[in-house]
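*Asks:* whatever this is, show me its structure:
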Amino acid sequence: MPQPRVYHYQNPTTGDHLASLLPPDHPEMMCLQQGGHIPQSKFGFLGILAAIVWFPLGIGLCLLDRRVQCKRCGVVMDEGICG
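*Replies:* Numbers count the residues shown, from 1 in each chain. Here you go, the predicted structure:
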């Protein structure tokens, strides 16, 4: 049985050593090598509807119903309350 290949990385922001089974061209490892995720927010339909119907209090509900995802690797950083 062949042993899995282990890749060694160094976090550019903290300097911590990291051993991973993911290769360097994997999207999540590219985010680690670049120094962090690129957040992209998307607002849910219910949040937008609440912002329109119950303005100005609905804006707070709209902010609670947002989904934050990395543009580069696709990892979800915040799902939101309706996710």
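*Asks:* please make it C-alpha for all contacts and neighbour counts, starting now.
*Replies:* OK.
*Asks:* quick one: T14 is in a strand?
*Replies:* No: judged by DSSP: H, G, I helix; E, B strand; the rest coil, T14 forms no part of a strand; its state is coil.
*Asks:* measure it to L32 for me?
*Replies:* 11 Å (C-alpha to C-alpha, to the nearest Å).
*Asks:* likewise C62?
*Replies:* Distance, C62 to L32, by C-alpha to C-alpha: 30 Å.
*Asks:* give me the more crowded residue out of the two.
*Replies:* Using other C-alpha atoms under 10 Å as the criterion, C62 and L32 rank with C62 on top: 21 against 17.
*Asks:* let's verify that one: helix, strand, or coil?
*Replies:* Of the three states, C62 takes helix under three-state DSSP.
*Asks:* how about it, nearest residue that isn't a chain neighbour?
*Replies:* Distance criterion C-alpha to C-alpha, 6 or more residues apart in numbering; nearest residue to C62, sequence neighbours excluded, is G47 at 3.7 Å.
*Asks:* give me the element the one you found is part of.
*Replies:* Secondary structure from DSSP states H and E places G47 in helix 45-53.
*Asks:* restrict that helix to CA atoms and write it as CSV.
*Replies:* Provided in CSV are the C-alpha atoms of helix 45-53 (Å, rounded to 0.1, in the frame of the first residue of the first chain):
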residue,chain,number,x,y,z
PHE,A,45,-33.8,36.5,-1.4
LEU,A,46,-35.5,36.6,2.0
GLY,A,47,-33.0,39.2,3.3
ILE,A,48,-33.5,41.4,0.2
LEU,A,49,-37.3,41.1,0.6
ALA,A,50,-37.1,42.0,4.3
ALA,A,51,-35.0,45.0,3.5
ILE,A,52,-37.6,46.3,1.0
VAL,A,53,-40.7,45.5,3.1
